[in-house]
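J.: quick one: sequence plus predicted model below, questions after.
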Amino acid sequence: MNSCTPTRSPPMPEQILVVDDERDMRLLLRYQLEQEGYAVTEASDGKAALKLLRECSPGLVITDVRMPFMGGLELLREVKQLLPATEVIVATGYAEIETAIECMRAGAFDLIRKPFDIHEMYSCVARALDRYRLNASADLVRVSQSFFATNEFDRLPQAIVEGSQGIMAADAVALLMPDVQGRLAVAHASGLSSAAEGLLLCELGERLVQALPSDRTPALVVPGLEDQRLGSIRALGQETSLILQPLLVGERLLGVMGLLRRDLPRLFSKKELDRMAVLVSHVVLALENGRLAFQLAASERLATLGQVAAGIGHEINNPSAYVLSNLGFIREQVLALRQGAQVDLAELEQAVLDAREGALRISDIVRDMRSLARTDDESGGWFDLNEAIRSALRIARIETTRRAIVQADLLDGLEVRGSPGPVSQVFVNLLVNAAQALEGWTGSRKEIRVTSRREEGRAVIEVSDTGPGIPPELLPRLFQPFFTTKGATGTGLGLSISRNIVRRFGGDIEVSSIPGDGTVFTVSLPTRSQAEG
Ligand code: ADP
């Protein structure tokens with residue numbers, strides 16, 4: 001039996017593992033396959049094959065059925081468990097046809113009969129390897145799809161770590177990203193044995209980063225083979241192999257990924273760095289994409305704040321003028337009291353109460369604004385939906401009331417899960433959109449209505465307006481990012497971000513509209529049942 005041949009890329013010969021207890025059979029098959037340019041490894045039984053399997057990660061295993069220690073069927077099951085993308089061809093004589101059928105059921109690619117017809121064998125091997133390549137890239141596509149389906153930047157590190165752990169068959173994966181001081185810290189990890197292991201990876205990552213930008217290659221560390229950039233690493237287990245991969249966009253460092261395997265038979269090999277390179281290109285894209293989406297959401301929030309800022313100024317000015325005039329009156333009355341004049345104490349007390357009322361109103365508005373601007377409040381607990389809707393109604397008040405009559409008919413006791421800031425942002429967007437739709441509209445009724453109800457475990461909230469409505473051909477484009485009919489004054493992000501927010505909390509948002517008659521946006525969110533509350 002020989003060990004895996006170290007191979008260099010590109011191009012790389014396909015690895016095939018031949019398993020047969022008959023030496024002549026193995027040698028013949030090896031010779032024939034090598035003639036075709038494949039790299040072949042041999043094992044004389046299932047157990048030995050298993051060990052090699054972990055070392056070489058072959059694309060194809062050709063196995064005999066009857067062998068000592070571990071038969072072909074058992075080996076096939078192990079292969080499918082360990083390396084699901086790897087294909088298995090079962091070589092069999094006529095006598096073992098029942099076992100062979102069982103092998104097909106267990107996921108064998110095909111059967112070839114002994115003695116082999118050489119052309120049939122070549123064609124079967126070529127087809128199996130085609131399917132292996134397809135399987136391998138399909139796995140990568142599936143994993144990268146899971147990265148891109150993660151529409152929250154905060155959850156992306158977890159998706160990346162879990163996806164990479166599966167695709168690279170790693171025992172532990174850590175995604176290290178620069179913290180506020182620019183030092184690498186663990187953004188998410190899975191399978192690390194201790195916090196100290198995370199710190200060690202961060203330290204090694206820092207050493208790797210020192211060598212940038214001249215050396216951008218990943219570091220591969222296996223027992224007996226070190227990477228100069230990392231220096232000697234004693235703290236790593238004796239049987240552990242490690243890949244440290246810088247994640248770069250041009251010269252910009254997004255982070256470093258560390259992958260560990262902890263047992264000798266499954267050392268990371270150079271060959272696997274190719275697969276890693278493809279994975280990393282997806283990881284880098286997903287991180288960049290996530291960062292941009294996060295920035296877009298932040299700028300949309302600022303744009304929303306910008307749209308309502310003028311109104312907010314007015315909202316604060318009114319009560320503050322009111323507070324000041326009451327305080328002026330109180331001061332006069334106190335001076336009069338000091339000079340021994342008669343003062344109506346009930347009137348004085350009312351002025352104090354009015355001033356307090358005005359100050360509370362200002363603090364409510366400031367709280368609404370802070371809640372809308374916060375990005376860090378993702379507590380995810382239950383909260384009163386009406387608080388978020390009322391906060392939105394207050395924030396958008398000037399925008400809405402100067403263009404329409406606003407009516408709110410809200411059911412009490414609807415609790416939803418998430419955080420009030422983003423949910424209130426959704427309603428600010430819908431209210432401001434409704435108000436803008438009514439701007440300049442010549443219809444006789446100008447109304448905006450907000451209603452809520454409970455329906456099959458969900459809170460259903462409708463924001464409707466009696467504006468011009470939306471042409472049916474535009475409806476499918478409404479939630480697409482950057483779709484706007486407002487020219488330079490619109491960002492086209494309000495609805496797409498609102499939908500992301502609502503979906504993040506397990507809900508959805510829909511629109512229906514009749515041109516000339518108005519528009520209804522319906523938001524639904526899972527609500528706590530009355531019994532639970
Ligand atoms: P923006 O408001 O910046 O254009 P949005 O994503 O919030 O971005 O809205 C996208 C488009 O949807 C708007 O440009 C407008 O054409 C349409 N729209 C949204 N709400 C309404 C509404 N209540 N009535 C009519 N059109 C609407």
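T.: Thanks, I have the structure now. Numbering: from 1, shown residues only.

J.: so how far is residue 481 from the spatially most central residue of the chain?
T.: In the chain, the centroid-proximal residue (C-alpha atoms, centre = their mean) is residue 150; its distance is 2.5 Å. Distance of residue 150 to residue 481, given as C-beta to C-beta, to the nearest Å: 16 Å. Bear in mind the C-beta positions are built from the backbone N, C-alpha and C, glycine included.

J.: and residue 481, what are its phi and psi?
T.: phi -60, psi 140 (degrees, to the nearest 10).

J.: now do the contacts for it.
T.: Shown in contact with residue 481 (C-beta atoms under 8 Å, 6 or more residues apart in numbering): 296, 492, 493, 496.

J.: next: residue 431.
T.: So residue 431 contacts 392, 393, 396, 399, 400, 448, 450, 463 (C-beta under 8 Å, 6+ apart).

J.: which of the residues you listed sits closest to residue 326?
T.: For the contacts of residue 431, the minimum distance to residue 326 (C-beta to C-beta) is 25.6 Å, reached by residue 393.

J.: pull the number of nearby residues for the nearest residue to that closest one once chain neighbours are set aside.
T.: In this structure, residue 393 finds its nearest non-sequential neighbour in residue 408, 6.1 Å apart by C-beta to C-beta, 6 or more residues apart in numbering. Neighbours of residue 408 under the rule other C-beta atoms under 10 Å: 14.

J.: could you say which helix or strand holds residue 308?
T.: Using DSSP states H and E, residue 308 maps to helix 270-338.

J.: how about the residues of the stretch 401-533 of the chain by the ligand?
T.: For the stretch 401-533 of the chain, the residues in contact with the ligand (C-beta under 6 Å from any ligand atom) are 429, 433-434, 437, 465, 467, 470, 478, 483-486, 490-496, 519.

J.: quick revisit: which strand residues bridge the residue nearest to residue 393?
T.: residue 450 (DSSP bridges).

J.: just for the stretch 251-400 of the chain, where's the confidence low?
T.: Scanning the stretch 251-400 of the chain for pLDDT under 70 picks out the ranges 265, 307, 310-311, 373-380.

J.: so which pair among the contacts of residue 481 is furthest apart in space?
T.: Using C-beta to C-beta, these span at most 10.5 Å, a distance reached by 296 and 492.

J.: find the closest residue to the ligand in the stretch 401-533 of the chain.
T.: Per C-beta to the nearest ligand atom, residue 494 is where the stretch 401-533 of the chain lies closest to the ligand, at 2.6 Å.

J.: now do the helices in the protein.
T.: 23-35, 46-56, 72-82, 97-105, 118-149, 156-167, 195-210, 270-338, 345-373, 385-395, 397-401, 420-438, 494-504 (DSSP state H).

J.: what mean pLDDT does the fifth one have?
T.: Yep, that's helix 118-149 we're talking about. Across helix 118-149, pLDDT averages out at 86.

J.: the second one now?
T.: Computed over helix 46-56, the mean pLDDT rounds to 83.

J.: distance from the chain centre to that helix, please.
T.: 35 Å (C-alpha atoms, centre = their mean, to the nearest Å).

J.: give the other helices and strands that that helix contacts.
T.: Using 3 or more C-beta pairs under 8 Å, 6 or more residues apart in numbering; DSSP states H and E, the elements in contact with helix 46-56 are strand 15-19, strand 39-43, strand 60-64, helix 72-82.

J.: let me have these in TSV, extended by mean pLDDT, distance to the ligand and mean neighbour count.
T.: Below are these laid out as TSV (pLDDT from 0 to 100; distance: least, C-beta to the nearest ligand atom, whole Å; neighbours: other C-beta atoms under 10 Å):
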stretch	mean pLDDT	distance to the ligand	mean neighbour count
strand 15-19	93	52	26
strand 39-43	92	55	21
strand 60-64	94	51	27
helix 72-82	89	47	20
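
J.: TSV for these, including distance to residue 361?
T.: Formatted as TSV, these follow (distance: least, C-beta to C-beta, whole Å):
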stretch	distance to residue 361
strand 15-19	73
strand 39-43	77
strand 60-64	74
helix 72-82	65
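
J.: so which of these is nearest residue 184?
T.: Nearest of these to residue 184, taken as C-beta to C-beta: helix 72-82 at 31.5 Å.

J.: and for residue 342, the neighbour number?
T.: 7.

J.: rewinding a little: any idea of the pLDDT on the residue nearest to residue 393?
T.: So residue 408 comes in at 95 (pLDDT).

J.: that one contacts residue 447, correct?
T.: No. With contacts counted by C-beta atoms under 8 Å, residue 408 stays clear of residue 447, the gap being 11.6 Å.

J.: anything in contact with each of those two?
T.: By C-beta under 8 Å, 6+ apart, no residue touches both residue 408 and residue 447.
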